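Trainee: okay, predicted coordinates and the sequence, questions at the end:
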Amino acid sequence: MFITFEGIDGCGKSTQISFFKKTLKEKGISLVVTKEPGGTKIGQAIRRVLLDVDNTHIVPLAELFLYEADRTQHVSEVIKPALEAGKWVICDRYFDATTVYQGVILGQHENLIEQLNHEATLGFKPDITFLLDCPAEVALKRIEKRDKTGKKKDRFERKTLDFHIKIRYGYLALANKHKDRFRIIDSTLPEDHVARKVREIISPYLPKGLMD
């Protein structure tokens with residue numbers, strides 16, 4: 001199984017992936033947990049460029065190419081080998097993020113993004129994509145709370161409320177377009193409730209004998 005988690009910054013992806021990882025390990029599932037950008041050594045260098053708060057002048061097309069460069073390295077080095085070895089892959093963001101962030105917001109041509117995503121992913125698509133949905137106002141409050149603990153905001157987390165609102169609705173529109181793959185979960189619910197909904201959705205896909 002190839003499963004991705006998507007959503008606006010502050011929606012709770014990292015927390016839910018941590019819960020999900022624990023659940024699958026307890027059931028004896030062999031898995032790889034990874035992320036984009038930054039799922040490889042090369043990707044980590046690209047991530048630093050993309051999220052650096054000083055790189056506000058990055059050209060939209062250059063930003064798109066950097067994300068796709070990270071992705072093709074990531075798929076070749078991590079995702080493809082893991083799936084071919086029979087492991088589950090859990091990924092924090094994938095090509096849907098590029099479709100929304102670089103397409104909806106930065107205005108890059110939809111056909112170009114689809115073509116680049118197809119080439120970069122080598123055709124590997126998620127079986128299920130969890131969209132953790134919450135109002136942008138809620139997400140930004142969570143980001144501010146994290147900031148007070150010492151975790152500084154990256155280039156995207158510093159964006160305006162209007163930016164995050166557009167991202168949210170971009171994701172919802174994409175999920176509506178791909179209903180066969182997306183599962184939308186209200187991430188304003190308590191963390192354990194969200195985790196339970198994720199488990200309920202994934203339960204039918206577990207090998208026999210591992211269901212709750």
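Mentor: Perfect, thanks for sending it.
Trainee: and Cys134, how many neighbours does it have?
Mentor: Look at Cys134: counted by other CB atoms under 10 Å, it has 20 neighbours. C-beta here means a position set from N, CA and C on the backbone, and glycine is covered the same way.
Trainee: before we move on, what about the one 5 residues further on?
Mentor: Ala139 is surrounded by 26 other residues when neighbours are defined as other CB under 10 Å.
Trainee: tell me the centre residue of this structure?
Mentor: Closest to where the C-alpha atoms of the chain average out (CA atoms, centre = their mean) is Arg93, at 1.7 Å.
Trainee: now do the same for it: its pLDDT.
Mentor: pLDDT, Arg93: 98.
Trainee: now it: closest residue in space that isn't a chain neighbour?
Mentor: Glu36 (4.6 Å; CB to CB, 6 or more residues apart in numbering).
Trainee: other SSEs contacting the helix or strand of the chain with the lowest mean pLDDT?
Mentor: One helix or strand of the chain scores below all others by mean pLDDT, DSSP states H and E: helix 136-148, with a mean of 85. Counting contacts by 3 or more CB pairs under 8 Å, 6 or more residues apart in numbering; DSSP states H and E, helix 136-148 packs against helix 161-177.
Trainee: pLDDT averaged over the helix it packs on - what is it?
Mentor: 94.
Trainee: list the helices and strands the helix or strand just after it packs on?
Mentor: The C-terminal neighbour of helix 161-177 among helices and strands, as given by DSSP states H and E, is strand 182-186. Judged by 3+ CB pairs under 8 Å, 6+ apart, strand 182-186 is in contact with strand 128-133, helix 161-177, helix 191-202.
Trainee: what about 10 Å?
Mentor: Packing partners of strand 182-186 (3 or more CB pairs under 10 Å, 6 or more residues apart in numbering; DSSP states H and E): strand 2-6, strand 128-133, helix 161-177, helix 191-202.
Trainee: can you count the residues close to Ile202?
Mentor: 22.
Trainee: let me know the pLDDT of it.
Mentor: Predicted confidence (pLDDT) for Ile202: 95.
Trainee: from what I see, it and Gln16 are in contact.
Mentor: No. Taking contacts as CB atoms under 10 Å, Ile202 lies outside contact range of Gln16: 11.6 Å.
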